[in-house]
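[1] Below are the sequence and a predicted model for it; my questions follow.
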Amino acid sequence: MQVGDRNYQSIWLERSDPPVLKVIDQQKLPFSFGICELGSVEEIWTAISDMTVRGAPLIGAAGAFAMYFATLEAGPLEDPRNHLQNAARYISSCRPTAVNLSMAVNHVMRKIEEGDPGKTVPEKALEAALEICEKEKENCREIGRHGLPLLQDISNKKDGRPVNILTHCNAGWLACIDYGTVTAPVYLAHEAGIPVHVWVSETRPRNQGARLTAWELGQAGVPHTLIADNTAGHLIQHGMVDIVLVGCDRATRRGDVANKIGTYLKALAARENNIPFYSVFPSTSIDFGIADGVKEIHVEERAPEEVTEISGIKGGEVVSVRICPDRTPAANYAFDVTPANLITGLITEKGICRADENEIRKMYSDKFK
Ligand code: MRU
């Protein structure tokens, strides 16, 4: 996507000697735009866990590149399998909820084991990582194509008034290499001249909505308004939201969806008020091995300081301040699970379907064995 006069992806590899993985530093946005350079498994691990790199498809891509760096770090071992299996476990452990990470790491492992024997192990790993990036970009483009008619249909009934979309967290291009999932149909609608307006939920505790989605939409010129998370129910109740579009970190085969904490409450409010609620994601976010999201999805718990403190910019300096009494205990669950029965539909690269095992099975028959 365009930033200033340049086109960026949120991750890319500089094939120098040694190679360098470049990522947009999502910790710094929106206060400054910077690129972070990563040159080892350890550095990539840290960037994923401190959320310099974040968002389900993007951490998948970063994990895949980490496997490539692991092949380089293995050096000329006769049989690097042990080293790579340990690296795969280590990288996958970094953030437990988004399934894209372990899925991408396993994909690279498979390609190393089954790929062209005429290629070196690093060559096979690199090819697999680059393939994942291209596939995720393609997935987002397709998601945009499938989601656009939903926005067009709502617009057709609104007599030129904007389609009000509520979103949560950041499921934009920063989180997905390019285009984004939730943002793909929004950007397409905006480009097509369909009037859209996005309610951007701030997404405490880390404020990915306020910091990242607001920045992205601003860069693209899409009309948007930032709201405190707690405002969503009020807007939905008063007819100020036409559709809720949220991302996904792990969907189950029956269509339960884990996404950023706070998503479930928005789904409840949408259901109560008959507002369509869609989760938007590529198949790399589906864990076909599990059915019951509430019971089976491991919800990441992060440092309590993310709740007890808040950071922002003051006088040109980024500062963190405590927002509660000293030593107040805090709990920081990073995700929640929205059960399939609250979801109107899933927007994927293969099309839109109901959040229902049979429907998902029809769309992804190759993944059900
Ligand atoms: O903790 P984060 O910021 O990585 O969480 C991200 C989300 O919950 C996104 O909504 C999700 O990854 C979808 S990104 C296309």
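    Structure's in. What do you need?

[2] Spell out which residues of this structure are next to the ligand.
    Neighbours of the ligand within the chain, by C-beta under 6 Å from any ligand atom: 54-57, 98, 169, 171, 175-176, 181, 208, 247-249, 259-260, 334. Placement of C-beta: from N, CA and C, glycine included.

[3] What are the boundaries of the helices in the stretch 251-369 of the chain?
    Residue ranges of the helices in the stretch 251-369 of the chain, as given by DSSP state H, counting those that start in this stretch, are 263-272, 293-296, 305-308, 357-363.

[4] could I get the second one in CSV with only the CA atoms?
    Output for helix 293-296, consisting of C-alpha atoms alone and laid out as CSV, is shown next (Å, rounded to 0.1, in the frame of the first residue of the first chain):
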residue,chain,number,x,y,z
GLY,A,293,-13.3,-22.4,20.0
VAL,A,294,-14.2,-21.5,23.5
LYS,A,295,-12.9,-24.8,24.9
GLU,A,296,-10.1,-25.5,22.5
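
[5] and the helices of the stretch 251-369 of the chain, which is most packed in?
    helix 263-272 (a mean of 20; mean count of other C-beta atoms under 10 Å).

[6] quick one, which of the helices of the stretch 251-369 of the chain is nearest to Ile165?
    Evaluated with C-beta to C-beta, the helices of the stretch 251-369 of the chain place helix 263-272 nearest to Ile165, the distance being 12.0 Å.

[7] How far does stretch 309-318 stretch from one end to the other?
    Start-to-end span of stretch 309-318 (C-alpha to C-alpha, to the nearest Å) is 13 Å.

[8] Show me which positions of that stretch end up buried.
    Applying a neighbour-count criterion of 16 or more other C-beta atoms under 10 Å, one finds Glu309 buried in stretch 309-318.

[9] Would you check how far apart Phe69 and Lys266 are?
    38 Å (C-beta to C-beta, to the nearest Å).

[10] Asn332 now?
    19 Å.

[11] cool, and Ser311?
    Taking C-beta to C-beta, one finds Ser311 at 24 Å from Lys266.

[12] And the closest residue to Arg253 other than its chain neighbours, what's its pLDDT?
    In space, and not counting its chain neighbours, Arg253 is closest to Phe288: 4.9 Å by C-beta to C-beta, 6 or more residues apart in numbering. Phe288 is assigned 97 on the pLDDT scale.

[13] Phe288 reaches Tyr364, doesn't it?
    Yes. Phe288 lies in contact with Tyr364 (C-beta atoms under 8 Å); the separation is 7.3 Å.

[14] who touches Ile59 in this structure?
    48, 53, 94-95, 98, 100-101 (C-beta atoms under 8 Å, 6 or more residues apart in numbering).

[15] Quick check: chain neighbours aside, which residue is closest to the residue most central in space within the chain?
    Nearest to the mean C-alpha position of the chain, by C-alpha atoms, centre = their mean, lies Gly55 at 3.1 Å. Nearest residue to Gly55, sequence neighbours excluded (C-beta to C-beta, 6+ apart): Ala175, at 2.2 Å.

[16] count of neighbours near Tyr333?
    Neighbourhood size, Tyr333 [other C-beta atoms under 10 Å]: 13.

[17] Put the alpha carbons of stretch 346-364 into CSV.
    Output in CSV follows, covering the C-alpha atoms of stretch 346-364 (Å, rounded to 0.1, in the frame of the first residue of the first chain):
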residue,chain,number,x,y,z
LEU,A,346,-17.3,-15.6,7.0
ILE,A,347,-15.6,-13.7,4.2
THR,A,348,-12.7,-15.8,2.9
GLU,A,349,-10.5,-16.0,-0.3
LYS,A,350,-12.9,-18.7,-1.6
GLY,A,351,-16.1,-16.7,-1.0
ILE,A,352,-18.6,-16.0,1.7
CYS,A,353,-20.2,-18.8,3.7
ARG,A,354,-22.2,-19.2,6.9
ALA,A,355,-20.2,-20.0,10.1
ASP,A,356,-21.1,-23.6,10.0
GLU,A,357,-19.1,-26.8,9.6
ASN,A,358,-20.9,-28.1,6.5
GLU,A,359,-20.5,-24.8,4.7
ILE,A,360,-16.8,-24.6,5.6
ARG,A,361,-16.4,-28.2,4.6
LYS,A,362,-17.9,-27.5,1.2
MET,A,363,-15.6,-24.6,0.6
TYR,A,364,-12.4,-26.3,1.9
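
[18] Identify whichever of the helices of the stretch 251-369 of the chain lies nearest to Gly63.
    Comparing the helices of the stretch 251-369 of the chain by C-beta to C-beta, helix 293-296 comes nearest, at 21.1 Å.

[19] Give the rounded mean pLDDT of the closest one.
    Helix 293-296 comes out at a mean pLDDT of 98.

[20] and that helix, what does it pack onto?
    strand 250-252, strand 335-338 (3 or more C-beta pairs under 8 Å, 6 or more residues apart in numbering; DSSP states H and E).

[21] Out of those strands, indicate the one that is most buried.
    The most buried one of those (mean count of other C-beta under 10 Å) is strand 250-252, showing a mean of 29.

[22] Nearest to Pro117 among the helices of the stretch 251-369 of the chain would be which one?
    helix 357-363 (34.2 Å).

[23] name the helices or strands packed onto the closest one?
    Helix 357-363 packs on strand 351-353, going by 3+ C-beta pairs under 8 Å, 6+ apart.

[24] Parallel or antiparallel, list what pairs with the strand it packs on.
    strand 345-348 (antiparallel) (DSSP bridges).

[25] Assign Leu226 to helix, strand or coil.
    The three-state label given to Leu226 by DSSP: H, G, I helix; E, B strand; the rest coil is strand.
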